[in-house]
Each structure stands twice: as C-alpha cells, then as structure tokens.
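K.L.:
Return atomic coordinates for the entry below.
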Amino acid sequence: MTDSSALLLAKQLKELQKNPVDGFSAGLLNDNIYEWEILVMGAPDTLYEGGFFKAIMTFPRDYPIMPPTLKFVTEMFHPNVYPDGTVCISILHPPGDDKYGYEDASERWSPVHTVETILLSVISMLSSPNDESPANIEAAKEFRQDYPQFKKKVQRMVQRTVDML
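P.N.:
Numbering: from 1, shown residues only. Below is the predicted model:
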C-alpha cells in the first residue's frame with residue numbers, strides 16, 4: 001500500500017481499533033482497505049435502540065478528496081436511507097455547491113471528515129430523520145403522516161436484527 005488514500009484509511013482503521021467509539025464497529029471486508037464492514041448499534045432512546053445494522057462503506061481511490069458511500073446490507077427503513085440501503089446524508093455528498101440549492105457547500109463532504117465523523121453522523125441520522133429531503137419517500141411519508149405505523153415497522157425491523165444474531 002503506497003498510495004496516500006490507502007495509508008490514510010489504514011491509519012483511521014488503526015485509530016478506531018485502538019480507541020473504539022460507542023455505537024459502531026468497523027473492520028475490513030475481504031482484507032480490502034477500500035471496503036469496510038460496519039456494524040451500527042441502534043442508539044439508546046431511539047426507535048432503532050437494540051438493533052444491529054450491518055453496512056458496507058466503500059471508499060474511492062481519491063479519498064479523502066471525495067466521500068465514501070455507505071450502504072446498509074441489513075434491512076433499514078428510514079427517511080434518509082434509499083430502499084436499496086444507500087445512506088443519503090449531506091456529508092456523503094460530493095464537495096461543492098448543491099446543484100439543487102438544498103445544501104450549502106459547508107454541509108457537504110470535506111476532506112476533514114473521517115470514518116468516525118461519518119459514522120457518528122449516521123448514528124445521529126438514525127435518531128433524527130430529515131424528512132424534508134427524503135431518500136425513501138415511503139418512509140418519510142409514513143414518518144410524517146402515520147408515526148405509530150412507522151414506529152411499529154421500525155420496531156419489527158429492529159427485532160429481526162436481534163433474531164439474526
């Protein structure tokens with residue numbers, strides 16, 4: 001590994017292993033420094049509490065200039081997660097101005113972000129959905145219009161993650 005992105009990722013992984021952060025764990029997928037397997041634990045006092053959600057974080061070769069993608073492989077029903085599991089949060093959007101004018105450039109990807117800051121943002125997203133700019137229209141609509149049904153659906157999903165252990 002001689003390219004700078006691989007060296008940076010190896011350093012970030014080593015730091016996370018040395019100083020784990022509550023709420024998630026991370027490791028390499030198939031010994032590939034550009035693909036990480038992530039386990040996000042549902043935070044206390046959220047609808048996702050007690051759940052175990054697996055995701056894959058894929059880094060581009062030009063990381064940290066460009067952001068990684070994060071995709072849940074465990075079922076995830078959330079306004080800011082596409083039905084295919086891809087996470088849609090501002091800090092994972094390419095740097096610069098938003099062509100739709102929804103996000104300020106300061107809210108989007110910046111090379112100062114690390115795996116830790118990304119995953120802390122994902123944990124925050126799970127506890128505070130942004131239904132103004134949904135990736136999953138069905139989840140956002142249910143969250144707004146039938147919160148009890150949304151809550152029930154999420155609780156069943158959380159239980160399935162526990163049952164899979």
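K.L.:
What are the boundaries of the helices in this protein?
P.N.:
Assigned by DSSP state H, the helices in the chain fall at 4-18, 115-127, 137-145, 147-163.
K.L.:
Between those helices, which one is closest to residue 75.
P.N.:
Of all those, helix 147-163 sits nearest to residue 75, with 5.5 Å by C-beta to C-beta. The way it works is simple: take the backbone N, C-alpha and C, and place the C-beta from them, glycine included.
K.L.:
which ones are touching the residue lying closest to residue 83 once chain neighbours are set aside?
P.N.:
Leaving aside its chain neighbours, residue 83 sits nearest to residue 136 (5.7 Å; criterion: C-beta to C-beta, 6 or more residues apart in numbering). By C-beta atoms under 8 Å, 6 or more residues apart in numbering, the residues touching residue 136 are 77-83.
K.L.:
Surely residue 134 touches residue 140?
P.N.:
Yes. Using C-beta atoms under 8 Å, residue 134 is in contact with residue 140, at 3.4 Å.
K.L.:
Listing request: residues of this protein with sub-threshold pLDDT.
P.N.:
Applying pLDDT under 70 to the chain picks out residues 1-2.
K.L.:
Point me to the residue sitting closest to the centre of it.
P.N.:
Compute the mean C-alpha point of the chain, and by C-alpha atoms, centre = their mean the closest residue is residue 122, 4.2 Å away.
K.L.:
Parallel or antiparallel, list what pairs with the lengthiest strand in the chain.
P.N.:
Using DSSP state E, we find that the single longest strand of the chain is strand 32-41. Applying DSSP bridges, strand 32-41 is found paired with strand 24-29 (antiparallel), strand 52-58 (antiparallel).
K.L.:
now the ones you listed in TSV, with mean neighbour count and distance to residue 40?
P.N.:
Listed next are the strands paired with strand 32-41 as TSV, based on neighbours: other C-beta atoms under 10 Å; distance: least, C-beta to C-beta, whole Å:
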stretch	mean neighbour count	distance to residue 40
strand 24-29	16	5
strand 52-58	19	5
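K.L.:
would TSV of these with distance to residue 7 be doable?
P.N.:
Shown next, in TSV, are these (distance: least, C-beta to C-beta, whole Å):
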stretch	distance to residue 7
strand 24-29	14
strand 52-58	17
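K.L.:
Nearest to residue 151, out of these?
P.N.:
Set against residue 151 and scored by C-beta to C-beta, those come closest in strand 52-58, at 16.9 Å.
K.L.:
Dump the closest one to PDB, keeping only the CA atoms.
P.N.:
Taking Å, rounded to 0.1, in the frame of the first residue of the first chain, the C-alpha atoms of strand 52-58 are listed here in PDB:
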ATOM      1  CA  PHE A  52     -27.600  -4.400  14.900                       C
ATOM      2  CA  PHE A  53     -27.300  -3.000  11.400                       C
ATOM      3  CA  LYS A  54     -24.600  -4.100   9.000                       C
ATOM      4  CA  ALA A  55     -23.400  -1.800   6.300                       C
ATOM      5  CA  ILE A  56     -20.600  -1.600   3.800                       C
ATOM      6  CA  MET A  57     -18.500   1.600   3.400                       C
ATOM      7  CA  THR A  58     -16.800   1.800   0.100                       C
END
